[in-house]
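Peer 1: Here's a sequence, model it:
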Amino acid sequence: MPITSHIDKAKDLTIFKVTGVLSFDIALPVVKAFYDGDPTMHVLWDLTDTTDVQFTSEEVLSIVRFKPRYEGKRDLGKTAFVAQKDVLFGLSRMFEIQSGIEEAPYPIMVFRSLYEAHQWLDES
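Peer 2: As a prediction, this is how the structure comes out:
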């Protein structure tokens with residue numbers, strides 16, 4: 001499976017580790033399952049072992065606009081993406097920017113290192 005998850009209960013954090021190719025058809029069921037359950041406050045998407053992201057612009061918008069179904073479940077939460085490769089970093093930044101335009105109910109930031117992402121997630 002290209003996406004595995006780990007929950008750090010002490011930090012109220014779910015870490016999604018993506019390996020190989022990430023597509024809309026793979027990501028959407030993971031996002032839905034996360035929000036249909038008992039979501040943690042914070043989320044980290046680790047794309048350091050991702051080889052490619054295959055999303056159309058419409059599919060990115062679909063994920064961003066998923067918010068009406070989960071609004072209120074993570075009001076104080078943050079989502080971080082870690083992408084070291086330039087193309088994945090750029091695509092993640094596009095998602096971050098689109099989330100701001102669509103007024104996502106929590107902050108989203110993209111980082112090049114896991115250390116920086118964890119620092120940001122740990123801030124109050």
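Peer 1: What's the end-to-end length of stretch 96-105?
Peer 2: 12 Å (Cα to Cα, to the nearest Å).
Peer 1: What number of residues are in the vicinity of the residue lying closest to L91 once chain neighbours are set aside?
Peer 2: In space, and not counting its chain neighbours, L91 is closest to V53: 5.2 Å by Cβ to Cβ, 6 or more residues apart in numbering. Backbone N, C-alpha and C define where each C-beta goes, glycine included. With neighbours defined by other Cβ atoms under 10 Å, the count for V53 comes to 21.
Peer 1: What helix or strand is V53 located in?
Peer 2: Using DSSP states H and E, V53 falls within strand 42-54.
Peer 1: in the next helix-or-strand element following that strand, what counts as buried?
Peer 2: Sequence-wise, the next helix or strand downstream of strand 42-54 (DSSP H and E) is helix 57-64. Neighbour-count burial for helix 57-64, with 16 or more other Cβ atoms under 10 Å as criterion, is recorded at V60, I63, V64.
Peer 1: Can you tell me which of those residues is nearest M109?
Peer 2: Nearest to M109 among the buried residues of helix 57-64: V64, at 14.9 Å, using Cβ to Cβ.
Peer 1: Hmm, that closest one is touching E102, no?
Peer 2: Yes. Applying Cβ atoms under 8 Å, one finds V64 in contact with E102, separated by 4.8 Å.
Peer 1: Please report how far the residue nearest to the spatial centre of the chain lies from T79.
Peer 2: The residue lying closest to the centre of the chain (Cα atoms, centre = their mean) is W45, at 4.6 Å. The gap separating W45 from T79 is 7 Å, by Cβ to Cβ, to the nearest Å.
Peer 1: How about G100?
Peer 2: Counting by Cβ to Cβ, the gap from G100 to T79 is 12 Å.
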